[in-house]
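Trainee: Return a 3D structure for these sequence lines:
(2 chains)
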Amino acid sequence: MLSVENLKIEFFDHSLPETAVDDVSFTMKEGEILGIVGESGSGKSLTALSIAGLLNRGDITKSGDIVFNGLNLLHCKRSELRALQGKDIAMIFQEPMTALNPVKRIGWQVEEALRVHGEKDKIKLKNEAMQALKDAGLDDTERIYASYPHQLSGGQRQRVMIAAAMISKPKLLIADEPTTALDVTVQAQVIELLKRINKEKKTAILFISHDLSLVRQLCKRVLVMKDGKIVEQGEAEAVFVNPQEAYTKELIAAIPTVRKPNDK
Amino acid sequence: MAKYMLKKLLMLVLTLLAVSFVVFAAFSILPGDPALQKLGTEATPEKVEALREQMGLNEPFLLRYGKWLLGMFTFDFGKSYSYSMSVTDLIGSKIFINFTMSALALVLVCVISIPIGIYTAKHVGSITDKIFTVINQLFMSVPPFLLGLLLTFIFGLTFRWFTPGGYVDYRDNFIGFVGYLICPAVALALPKCAMCIRLLKANILEEAKKDYARTAYSRGNSTTSMLYRHILQNAIMPTITFIGMVVADMIASGIIIEQVFGIPGLGRSLLAAISTRDYPVVMAIVMLIAAGIVIISTITDLIYAWMDPRVRVTDKSE
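Mentor: This is a model prediction of the structure:
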């Protein structure tokens, strides 16, 4: 479904180009959950953003290929990309506090992906939005539908983001550190929700995180990135139990010990 | 929202009361005896005393304030010391002139700066954007009165589109009156337009960097629909505040512009009244300017609350 080949992302904010993502290649099958782990600055978020078509800054160049269901996202027209965004590829972000527009009602924002892609029937939009909010594990959907973002908690907002992403039943959901800004209990709930979405809707999930234990809970397969390169990849269990690279070993050793009993 | 509005209106009334007290107190403390001033060389202690009695200057301070305050509710600002006319008759028509001029300038600011601000933000870095940046710099650094002189020279003397100094009274020819005010309104508006364009453009570009804009893109929005559906409502708020302040400033700038274009407006009356110590006229004008500013800032607040749901809530929790 998705294949990334020789993706290279370079910054040009200084006189010399700085390579942020270097020769990254991987593939994803339909319905798969793939995790990308790595420290900040490892290029994992840039990889995710460029797959979502959101990396369009003047000081950045991208080369290589990102092929999604036969369409090369790096070389296609903007309009072709837009036709996919929010419909087949949806994204949720790290900061649920700022990722929602503060002056628009939740309902309007959840419905947006459908509306942008041509749905005009208001009653249908509202029904779909209510269903999406319910599927994202929110109660009291009628109230939330009419609320503004500042009236909700961080966890609720991230669920709203997930509802807004899932409303058009995308084939690929890109989750860029979706739990980093949340506390641990809410984190666990969001991970469960993502698992359920994957199981019930068969949506493939590209899960970006620096938190190895979360990746291990959620993902079948994992890529480990460092300094813009993939240093190790494979089945999540195999990578965790028997890491081959020194960097992966370091990362695993860095997991706080309090968590270890839970992970086993 | 209704509660918020009520609260704001209450604040408005209280502010105006406070302003009225300060204005009245200030003019009571000022040295100089209006009765003596009015009598001039004919003054004898008896005559002065009689006139003071007649003008009500011997009554206690609070009583005089109360009378003045109550009078204002019926648009009665007392009698001018210099002319045997009520203040209302003296400045009523002038307020209308200044009001029309400021309103014209305000309309010009909105009509010119909002579309250009949006356009230059959308095409940032283009030739048009660069040209507008230069024009903006230019207009921002030119004071309105100089602009007024330039406009008079270009459109009045060179093109002869209007007669400089040929003010038309609104009671004679309303169209001609508005036509004559266009040039001064442009002189007032252009420097504000320049600032407004710059502010709006900067805010749009700022908002476009925010996370919610990225979210909007991730749902397949084009740049245009993202700009109009997401960004504008957020980005225009500081501009609204700014326009509110602009209106307040226009009242002051208007006084100078009037002189340049020879318009018999509020400014001329104010200067004349100050130099002859015609306190009732000065107080009335100061009160009206203050009321105008306070009312405009309340309107700005209400627009804000209407556009941004967070403002309403913060206020409720107080």
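Trainee: tell me the pLDDT at residue 200?
Mentor: Unless you meant another one, I'm taking chain A. Here the pLDDT value assigned to residue A:200 is 92.
Trainee: Wait, chain B was what I had in mind.
Mentor: pLDDT for residue B:200: 96.
Trainee: what's the answer for the one 5 residues further on, then?
Mentor: Reading off the confidence values, residue B:205 has pLDDT 95.
Trainee: give me the element it is part of.
Mentor: Taking DSSP states H and E as the criterion, the element that holds residue B:205 is helix B:174-208.
Trainee: Can you give me the buried ones in stretch A:238-249?
Mentor: Counting neighbours by 16 or more other C-beta atoms under 10 Å in any protein chain shown, one finds that the buried residues in stretch A:238-249 are A:239, A:240, A:243, A:247, A:248. Where C-beta positions appear, they are placed from N, C-alpha and C, glycine not excepted.
Trainee: Can you redo those residues as CSV, where the extra columns are pLDDT, distance to chain B and secondary structure?
Mentor: Below are those laid out as CSV (pLDDT from 0 to 100; distance: C-beta to the nearest C-beta, whole Å; DSSP: H, G, I helix; E, B strand; the rest coil):
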residue, pLDDT, distance to chain B, secondary structure
A:239, 87, 29, helix
A:240, 85, 31, helix
A:243, 85, 33, coil
A:247, 86, 30, helix
A:248, 87, 30, helix
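Trainee: Nearest spatial neighbour of residue B:152, chain-adjacent residues omitted?
Mentor: Counting by C-beta to C-beta, 6 or more residues apart in numbering or on different chains, the nearest residue to residue B:152 once its immediate chain neighbours are dropped is residue B:164, at 4.9 Å.
Trainee: In this structure the one you found contacts residue B:156, no?
Mentor: Yes - between residue B:164 and residue B:156 there is a contact under C-beta atoms under 8 Å: 3.9 Å.
Trainee: Residue 112: helix or strand, and which one exactly?
Mentor: Unless you meant another one, I'm taking chain A. Here residue A:112, judged by DSSP H and E, is contained in helix A:106-116.
Trainee: not what I meant, chain B
Mentor: Here residue B:112, judged by DSSP H and E, is contained in helix B:87-122.
Trainee: Could you tell me the angle between the following helix or strand past that helix and helix B:87-122?
Mentor: Next helix or strand after helix B:87-122 toward the C-terminus (DSSP H and E): helix B:127-141. Angular relation of helix B:127-141 and helix B:87-122 on a 0 to 180 degree scale: 150 degrees, by axes from the mean of the first three to the mean of the last three C-alpha atoms, to 10 degrees.
Trainee: what are the ranges of the helices in chain A?
Mentor: With helices called from DSSP state H, chain A shows them at A:44-51, A:78-84, A:106-116, A:122-135, A:141-145, A:154-166, A:184-201, A:212-218, A:236-241, A:246-253, A:260-263.
Trainee: returning to what we had before: who does the helix holding residue A:112 touch, helix- and strand-wise?
Mentor: Based on contacts counted as 3 or more C-beta pairs under 8 Å, 6 or more residues apart in numbering or on different chains; DSSP states H and E, the elements that helix A:106-116 packs against are helix A:122-135, helix A:141-145, helix A:154-166.
Trainee: Could you pull up the residues touching the closest residue to chain B within the stretch 51-200 of chain A?
Mentor: Taking C-beta to the nearest C-beta, chain B has its nearest neighbour within the stretch 51-200 of chain A at residue A:86, 3.5 Å off. Contacts were defined as C-beta atoms under 8 Å, 6 or more residues apart in numbering or on different chains; by that measure residue A:86 touches A:112, A:113, A:116, A:117, A:168, A:170, B:218, B:219, B:220, B:221.
Trainee: And it, its phi and psi?
Mentor: Recorded main-chain torsions at residue A:86 are phi 80, psi -10, according to degrees, to the nearest 10.
Trainee: Tabulate the helices of chain A in JSON lines, adding columns for distance to residue A:7.
Mentor: Conversion of these to JSON lines gives the following (distance: least, C-beta to C-beta, whole Å):
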{"stretch": "helix A:44-51", "distance to residue A:7": "7"}
{"stretch": "helix A:78-84", "distance to residue A:7": "16"}
{"stretch": "helix A:106-116", "distance to residue A:7": "25"}
{"stretch": "helix A:122-135", "distance to residue A:7": "31"}
{"stretch": "helix A:141-145", "distance to residue A:7": "38"}
{"stretch": "helix A:154-166", "distance to residue A:7": "23"}
{"stretch": "helix A:184-201", "distance to residue A:7": "24"}
{"stretch": "helix A:212-218", "distance to residue A:7": "20"}
{"stretch": "helix A:236-241", "distance to residue A:7": "21"}
{"stretch": "helix A:246-253", "distance to residue A:7": "20"}
{"stretch": "helix A:260-263", "distance to residue A:7": "31"}
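Trainee: between those helices, which gets the lowest average pLDDT?
Mentor: Per-segment confidence across those bottoms out at helix A:260-263, which has a mean of 55 in mean pLDDT.
Trainee: near chain B, which residues of the stretch 51-200 of chain A show up?
Mentor: Residues of the stretch 51-200 of chain A found near chain B (C-beta under 8 Å from any C-beta of the partner chain) are A:52-54, A:82-87, A:90-91, A:93, A:95, A:98-104, A:112-113, A:116-117, A:148, A:150-151, A:161, A:164.
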